[in-house]
Each structure stands twice: as structure tokens, then as C-alpha cells.
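> return a 3D structure for these sequence lines:
(one chain, ligands or ions: 1)
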Amino acid sequence: MTTTRVIWDVVVVGGGLAGLAAGVEVTAAGGRALVIEGHQPGGRARVTERDGFIFNHGGHALYMGGPGLGVLRRHGIEPEGAKPPLRRYKMSREGRHHRFPCGPDTLLRTTILGARAKVQVGRLLAGLPRVDAARLAGTSVSAWLGDLGLRPDAEAVVRAVVRQGTYSSDQDDLDAGAAVNQLQLAVSDGVSYLHGGWAQLVEGLACRTQVRAGCKVRSLTPVAAGIEVTTDAGPLTARAVVVAAGTPEAARSLLPDPPDWGDLGPPVTAACLDLGLDRIPSPGWVLGVDEPLYATLQSPPAHMAPPGGAVAALIRYGARNATADRADLEAHARLAGIDPEAAAVSRFLARMVVAGAQPRARLGGLAGRPAVTTTGHRAIAVCGDWVGPEGMLADAALASGAAAGRAALDAARSATLAA
Ligand SMILES: Cc1cc2nc3c(=O)[nH]c(=O)nc-3n(C[C@H](O)[C@H](O)[C@H](O)COP(=O)(O)OP(=O)(O)OC[C@H]3O[C@@H](n4cnc5c(N)ncnc54)[C@H](O)[C@@H]3O)c2cc1C
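Down below sits the predicted model:
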């Protein structure tokens, strides 16, 4: 007896936000999609629950004006969360707190800036919504700041805010157009910390498409019917494939031919210390100006801790070595009023990849990132937070995921018509 193998329209490799968005897009358009995930769905958007404390993988904020939210809403997913209280934020320099200049009154009262620097930062903030970010593409953040002729204290504050919004620790390389775009999103609609963490997004997407978890894809081989997908659980056939494996290296290792992506540069990394606390610390939110360190309370405002408790996330932009980074993060926690020794639960992640690559000025910024179709094979698309012309971080993952899903389904349908 012969058995006929099911032919999927689209198999998606990787069940992080990008892969799930691709699967949902295909399913919503009437295609047969299967998302294959080596571990659990969610990737870097997964959450962990310990003794009633919910940890994202490092602090996570959803941009409320970004393209990612557009993708979620198009599929009926409305994230629920709360905005962080910007007016309670502090900046730190040489171990001392200063007000975070987030509006005219805090700018006037902060001691992080001298009088002339306040005027410069005030002008920059007021003019930010009107800056044409696309015109800055191809200029690095450092070159842009140099052109603005800011005083050193003003420049240090702007650099810290860019770091906070982009996670980038290399502003000589980061594209100013992408960075300004990110700052504009932060200023216009702000960010939200999600109740229950980013599991909300993962669950919202995963229930809208078919997902096979705990199954690794080993190789992709073009065959007459489309692409043969070799997995730990045996082979599958798909008319088209989306590679959503997380990083450029992971994607490259699966593609049948080497893609022409140019030099995308190193990944954006961070060292993260997540703490579950049985009381709410103060000030809690402290952004380092002279050190690439950030302390943020995810909960409250979001509900991620038992009553009366809190979840703090400490981040060092750019992971170096575990011992030094952990010591810096613990010192920064103390500066934010958090005693790491007294945490009910803690987790240190020495080196997290925040983004597979950052938008590089030398490649033209967002427009210069690999397109979803640049895989060297018509029936294979790629997506992730380093792909496509839209947004950074999760915004890029979701937007490129949706675009890759559409491209793969088109390829699958044309292959069916041609057969
Ligand atoms: C500490 C930290 C803080 C962050 N903060 C923010 C933030 O505040 N705001 C924001 O917008 N973004 C933030 N991000 C970025 C955001 O989490 C990522 O951009 C997004 O989750 C990436 O999704 P992805 O699907 O592209 O990749 P991933 O989440 O890495 O998913 C890739 C998946 O593919 C699977 N996979 C790989 N190879 C295979 C294979 N061969 N077979 C099967 N499965 C495979 C992996 O197991 C993984 O689950 C942060 C990230 C980190 C690490």
C-alpha cells in the first residue's frame, strides 16, 4: 500500500514572534500552514513563571505605535498592559539620581543637564515628531549627533535614550534613521508592559495557526513538489517555506544556497537580571547615562507579580563577560532601590541576543536590511528582527513575519497553478 504525504502550502521554521506571525498570515489567507518550533513557541518572547512571578526574557516593552501592533490587531489580537510611569523615571550619572527629562517640566527641573544643554534637548524633543527619519538613513547615530553640535551633557542624555529605545550599544554603526524612527514611536504612542508578560502575544498568535513544538528542522532541500523539510520527526513536503530561525546565522545554516545579505554585523546583545521582589522598590526605574545600564519595573505597572510584589528587569546593553556584567547589574539594581540579595526569585541571563543584527548606517539603515524574499530561492522566504524595511526588535519580527508569510503563500499558489 502506498501512502500519500501531506503537502503543506507553507512550512515555517521557528515559532518565535516572526514565525508565528508568518503562520497566522498564511492561515488567515486560507493556506495550510505548519509552524515547526525546536523548543517551545515564543522564542525570545517566551515567559517563565517562578513562585507567582512572571519573567519575560529580560525587560520587554511593546511599542504601541509600531508596525508589530498593526500585525497583531489585523488578526484580532489586542495586547493588554499598562504604560510605565515616565515621570517617575530617573537618570543616573556617577551614582547619583536625576530627573528623567521626558517633558517641559521635568526638563526644566532635571539636574542631569546644564542650562544650555536643556535648551538643546528641549529643541530636539519638540522637533522630533517632524524629523524625516528616512532622510537620515545612511548616517550613523554618532554622525547625526555630531552634526547637531550638542553639548557633551546633552549628547550623553540623547545617547542613553537612543540606547534605551534600540538596545544598541554601538551607535557608531547604528543607523540614525532607524534610531529616530524608534524615538518617534516612543514619543508618540509610548510603550506598554503587558499583563502576564509577552505570553499574551505568543498565545494570541499560536492559537491562530498550527504549531508543532519540540521538533527541530535539520535541512531544506528543493524538490519538484516544492521544498523537502527534514525534521527530527521525519520529512515533510511544503510548496513554500518561511525561515524564521531567529538570527542570520541560524537562517543561513538552513538555506540551500548562501544568501547575498552583505555584512550584517554582529548581533545586538544584552546581559539581563530579572528579579522577583516581595515589595515595590523606589525609584525602580533608572536609566544610566554614563554606563549602558537600565533598571525597569515591569510590574507594577503590568500584573506579573503576586499582590504587593514587583518584577524588576536590569539590563546591560552589550553583553561582555558574565562576572563583570552581573556585578554591574547588581550595583545598578541597588542604585534603583532594589536589593538583589533580598529578591524572592532571580534569574541572570549572561548573553541574550536582542536582535539578530541592527540596522547599519553603512547598509542604508532599515531599507538596506535583507528583504523577506532574498534567500536565493523563490519558494523560501525569511523573516526576523533583522529583516525587511519596517521597524526594529519585535516590530521588525512581526512585520517581516507577516510579509514572509504572504510571500511564501504567493509562491505556493503560483507553484500549484504551474503544476
Ligand atoms: C532581553 C531582551 C529584551 C527585549 N526587549 C524588547 C523590547 O522591549 N521591545 C521589543 O519590541 N523587542 C524586544 N526584544 C526583541 C524581541 O524579543 C525579538 O525581536 C523577537 O522576540 C524575535 O522574534 P523572532 O521570531 O525573530 O526570533 P526568536 O524569538 O529567536 O525565534 C526563533 C525561533 O526559531 C526556533 N528555531 C531556530 N532554529 C530552528 C530549527 N532549525 N528548527 C525549529 N525551530 C528553530 C528557535 O527555537 C526560536 O524559538 C528583546 C529581546 C531580548 C532578548
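> from the ligand, how far off is residue 278?
24 Å (C-beta to the nearest ligand atom, to the nearest Å). Placement of C-beta: from N, CA and C, glycine included.
> wait, residue 138
23 Å.
> that residue: neighbouring residues, count only.
18 (other C-beta atoms under 10 Å).
> Three-state assignment for the residue in the stretch 151-300 of the chain positioned nearest to the ligand, please.
Distances between the stretch 151-300 of the chain and the ligand by C-beta to the nearest ligand atom are smallest at residue 246, namely 3.0 Å. When classified by DSSP: H, G, I helix; E, B strand; the rest coil, residue 246 comes out as coil.
> near the ligand, which residues of the stretch 301-419 of the chain are found?
Counting by C-beta under 6 Å from any ligand atom, the stretch 301-419 of the chain comes close to the ligand at 352, 354-355, 384-385, 393-395, 397.
> could you do the stretch 51-200 of the chain as well?
Within the stretch 51-200 of the chain, the positions near the ligand by C-beta under 6 Å from any ligand atom are 57-61, 63.
> would you mark the buried spots in the helix or strand hosting residue 184?
Residue 184 belongs to helix 176-188 when assigned by DSSP states H and E. By neighbour count on 16 or more other C-beta atoms under 10 Å, the buried set for helix 176-188 is 176-186.
> and the next helix-or-strand element following it, what does it pack against?
Note on helix 176-188: by DSSP H and E, the next helix or strand toward the C-terminus is strand 191-194. With contacts defined as 3 or more C-beta pairs under 8 Å, 6 or more residues apart in numbering; DSSP states H and E, the packing partners of strand 191-194 are strand 62-63, strand 81-82.
> tell me which residues in the helix or strand just after strand 191-194 are buried?
Later in the chain than strand 191-194, the nearest helix or strand by DSSP H and E is helix 199-206. Across helix 199-206, burial judged by 16+ other C-beta under 10 Å covers 199-206.
> can you redo the residues you listed as CSV with pLDDT?
Listed next are the buried residues of helix 199-206 as CSV, based on pLDDT from 0 to 100:
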residue, pLDDT
199, 97
200, 97
201, 98
202, 98
203, 98
204, 98
205, 98
206, 98
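> residues in contact with residue 15?
Each residue near residue 15 by C-beta atoms under 8 Å, 6 or more residues apart in numbering is listed here: 23, 35-37, 40-43, 206, 211, 213, 244.
> again, but for residue 329
Counting by C-beta under 8 Å, 6+ apart, residue 329 makes contact with 271-273, 293, 314-316, 340, 348.
> state the helix or strand in which it lies.
Assigned by DSSP H and E, residue 329 belongs to helix 322-335.
> residues contacting residue 336?
Here residue 336 is in contact with 90, 281, 283-286, 295, 312, 314 (criterion: C-beta under 8 Å, 6+ apart).
> which members of the residues you listed are positioned in helices?
In helices, defined here by DSSP state H, there are no members of the contacts of residue 336.
> pull out the buried positions in stretch 187-199.
Using 16+ other C-beta under 10 Å as the test for burial, stretch 187-199 gives 191-199.
> kindly report the same for stretch 251-269.
Buried positions in stretch 251-269, judged by neighbour count with 16+ other C-beta under 10 Å: 251, 254-255, 259, 261, 264-265, 267-269.
> if we can go back for a sec, would you turn the buried residues of helix 176-188 into CSV with pLDDT?
CSV is the format used below for these (pLDDT from 0 to 100):
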residue, pLDDT
176, 98
177, 98
178, 98
179, 98
180, 98
181, 97
182, 97
183, 97
184, 97
185, 96
186, 95
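> closest one of the residues you listed to residue 69?
When these are ranked by distance to residue 69 (C-beta to C-beta), residue 185 comes first, at 9.9 Å.
> what angle do helix 199-206 and the longest helix seen in the chain make with each other?
Ranked by number of residues, the top helix in the chain under DSSP H is helix 393-418. Interaxial angle, helix 393-418 versus helix 199-206 (axes from the mean of the first three to the mean of the last three C-alpha atoms, to 10 degrees): 0 degrees.
> check contacts around the residue nearest to residue 316 when sequence neighbours are not counted.
Ranked by C-beta to C-beta, 6 or more residues apart in numbering and with sequence neighbours excluded, the top spatial neighbour of residue 316 is residue 271, at 4.3 Å. Contacts for residue 271 (C-beta under 8 Å, 6+ apart) come out as 315-316, 319-320, 322, 325-326, 329, 348-352.
> okay then, goodbye and thanks.
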